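In: what's the 3D shape of this:
(one chain, ligands or ions: 1)
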Amino acid sequence: MIKRAVRYFTSYLMPYWKGLILAATLVLLGTYAQIKAPLYLGDAISGLTKYLTASFTPGAHASLHDFYQALIGMVLFYLLSEIGLVLSGLIISRVSSDSVGEMRTGLFANLQKKTIRYFDSHQDGKILSLFTSDLDNVFNAMNSAVFQIFSQGVLFLGIIWMMLEKSLTMALVTMALSPVAIVVALVIVNQARKQIEKQQQATGDLNGYINEQLSGQAVLLAEGRQEQSIESFRPFNETVRQASQKGQFYSGLLSPLMQGFSLLNLAIVIFFGSWLVLHNGMDKAAGLSLIVVFVTYSQQYFQPISQLTAIYNPLQLAITGANRIRDVEEMPNEVNAGHLQAGPLKRGVALRHVDFAYQEGRPILKDVSIDVKKGQMVALVGPTGSGKTTVMNLLNRFYDLNSGEITYDGTPIKDFDLESLRRRVGIVLQESVIFSKSIRENIAFGKPEATLAEVEDAAKQANIHDFIMSLPDGYDTQVTGADNLFSTGQKQLLSIARTILTNPDLLILDEATANVDTVTEAKIQLAMENVMKDRTSFVIAHRLKTILSADQIVVLKDGRVIEKGTHEQLLSEKGFYSELYYNQMVFD
Ligand SMILES: Nc1ncnc2c1ncn2[C@@H]1O[C@H](COP(=O)(O)OP(=O)(O)OP(=O)(O)O)[C@@H](O)[C@H]1O
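Out: So this is what the prediction gives:
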């Protein structure tokens, strides 16, 4: 899991290797300066002690030269360390925001290649959270955690090296407490991680609940269930609150505890340092300098321990995030193995003995055969769940068949290049999709190069031109997701205009069942007649008028074609269709 995440990170970081090497060099320089500076502090103290001793010794020459020199050295080294660390931080934040930007584009581009099956089986919220929480976690880790591991790791090793160089005994004294501190830090971090996991789980459940309630707001209002909705919200929220409180408690504990260890260590270092100086008969200046140097190191020494343990959790989140993104990227893309270019339809489209299941073991379409000749209209009718939409999904190759074949002018559709096939097929869905663009761009969505005259002509055929012209900005009116500029019926008209403009050879139309006023209904009827004129079409028909005008009616039930023929033929067969017709039942 870690390897996989590391491979993901490195693939995006590799292009920035120059910047990363520069940042690493600056970190090394800065850290070197940071661990070298205390030695100058020690020299300054030694210089000052010598000066003070000489001042009180008659006849001795007292000079502050060494003191000033060491002080300047110390300031310069601290300054150098700051410059190195600030500059490397700048480079790292640039590299991480650039590479996470590329990860975002990579993920989005990858999603565009996924199959409809993927989108059907993953909630929108989950997909969106890849871009928000997962990529955010990756960014945080790249921006701080990875940088911290390197810089704090170097600092930690550097301090140990410097201490060992200076005095082995004092180095061991300074490090004596660290095993305890590390164990305590790991226990706390582990507890915090458990709480963070609980918090994430609880937040996911809470978001799911909010999502469901908001999307069902109309039903909630209609049934007067707002109070119950708020009541059910509370336990979800309470779980999030408790988990985040505990998580914060444990995360917040780390820093003060490490501070405590650092102070305790300070006392130990001063105590043993003084003991060493007093019992070893060390020179006063050298002894004081040694104590001051180790006091500084003992304080610096706990910083990497607390920082390195604190980044464990963000790092863990980033690894999980990177793996989730990789899971998506490694899922099968839409297969486009066909190389034939689909030309204008000449003869017709046919489904032959088609079997299909969305999930293994649960067949949806069974031995479905339908023939439609060029220019004909087939009306698919049948009870809800009988598989009408599924036939539509297969015609456009949203899914591949389990067995049988669908042919376009006699050639199996899987042999065509997908894009060329889909250019020949137009779809009008029941639920029309309107994008946050101008009306003109919305209509020209499938043919962006269309002229305004072409767009207007399509809108006229779809009976929506007059409405568009009644808007202050006409075709330039911007549609945003938030406003309800169009009614359901008008949205479908706009979607019909969009399809008319692309002039598809094969039309798949899911007739809207939404209740619209009679005027809009008549407009939709007329628009549908216009879009179907001289075109080969499959219509999931709900209105009797549409069914009556079909060249062929195909009745689906439980995924099988049970009847096929014209209205008159089916009535004379006195089967399922005629039963429905005479009982005046609706075909949906
Ligand atoms: N993406 C999917 N994944 C799994 N099963 C699905 C999927 N889409 C549809 N189904 C199942 O396939 C069956 C047929 O559904 P389909 O939407 O084709 O019926 P339909 O005749 O169009 O119904 P309706 O008139 O209600 O739209 C249903 O049992 C449905 O649950």
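
In: Run through this protein and note the low-pLDDT ranges.
Out: In the predicted model of the chain, residues 481-483, 513-516, 584-588 satisfy pLDDT under 70.

In: domain assignment for it?
Out: Taking automatic domain parsing as the criterion, the chain consists of the domains 2-330, 348-582.

In: Relative to the whole chain's centre, how far out is the last one?
Out: Average the C-alpha atoms of domain 348-582, do the same for its chain, and the two points are 32 Å apart (C-alpha atoms, centre = their mean, to the nearest Å).

In: Ends of it, what's the gap?
Out: Using C-alpha to C-alpha, to the nearest Å, the end-to-end distance of domain 348-582 comes to 32 Å.

In: about what we covered before: export the domains of the chain to a markdown table and tack on mean neighbour count and distance to Ala337?
Out: Where you see a C-beta, it was placed from the backbone N, CA and C, and this is true even at glycine. Supplementary listing: the domains of the chain in a markdown table, determined by neighbours: other C-beta atoms under 10 Å; distance: least, C-beta to C-beta, whole Å:
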| stretch | mean neighbour count | distance to Ala337 |
| --- | --- | --- |
| domain 2-330 | 17 | 13 |
| domain 348-582 | 18 | 7 |
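
In: Any chance of JSON lines for those, columns distance to the ligand?
Out: Converted to JSON lines, these look like this (distance: least, C-beta to the nearest ligand atom, whole Å):
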{"stretch": "domain 2-330", "distance to the ligand": "4"}
{"stretch": "domain 348-582", "distance to the ligand": "3"}
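
In: out of these, nearest to Asn336?
Out: Asn336 sits nearest to domain 348-582 of all these, at 4.4 Å, using C-beta to C-beta.

In: export the domains of the chain to CSV and tack on distance to Asn336?
Out: Converted to CSV, the domains of the chain look like this (distance: least, C-beta to C-beta, whole Å):
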stretch, distance to Asn336
domain 2-330, 9
domain 348-582, 4
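
In: Quick check: Asp355 is in a strand.
Out: Yes - with DSSP: H, G, I helix; E, B strand; the rest coil as the criterion, Asp355 is part of a strand.

In: Now do the same contact list for it.
Out: Contacts for Asp355 were tallied using C-beta atoms under 8 Å, 6 or more residues apart in numbering; they are 363, 365-368, 401-404.

In: out of those residues, which are inside strands?
Out: Using DSSP state E to define strands, the subset of those located there is 363, 365-368, 403-404.

In: ok, for Gly208, nearest residue in space, not its chain neighbours?
Out: The shortest distance from Gly208 to any non-neighbouring residue, by C-beta to C-beta, 6 or more residues apart in numbering, is to Gly125 (7.0 Å).

In: Ile230 and Gly216: what is the separation?
Out: When distances are taken as C-beta to C-beta, to the nearest Å, Ile230 and Gly216 turn out to be 14 Å apart.

In: and if you look at Asp415?
Out: Applying C-beta to C-beta, one obtains 44 Å for the distance of Asp415 from Gly216.

In: Could you do Leu544 as well?
Out: 32 Å.

In: In contact with the residue nearest to Gly208, which residues are there?
Out: 207-208, 211.

In: repeat that with 10 Å
Out: 132, 204, 207-208, 210-212 (C-beta atoms under 10 Å, 6 or more residues apart in numbering).

In: Please apply the same query to Val146.
Out: The neighbours of Val146, taking C-beta under 10 Å, 6+ apart as the test, are 9, 13, 20, 92, 95-96, 140, 311, 314-315, 318.

In: could you redo the last one with a cut-off of 8 Å?
Out: Residues 9, 92, 96 are the ones in contact with Val146 under the rule C-beta under 8 Å, 6+ apart.

In: can you give me the offset of stretch 322-340 from its chain's centre?
Out: The gap between where stretch 322-340 is centred and where its chain is centred comes out at 16 Å by C-alpha atoms, centre = their mean.
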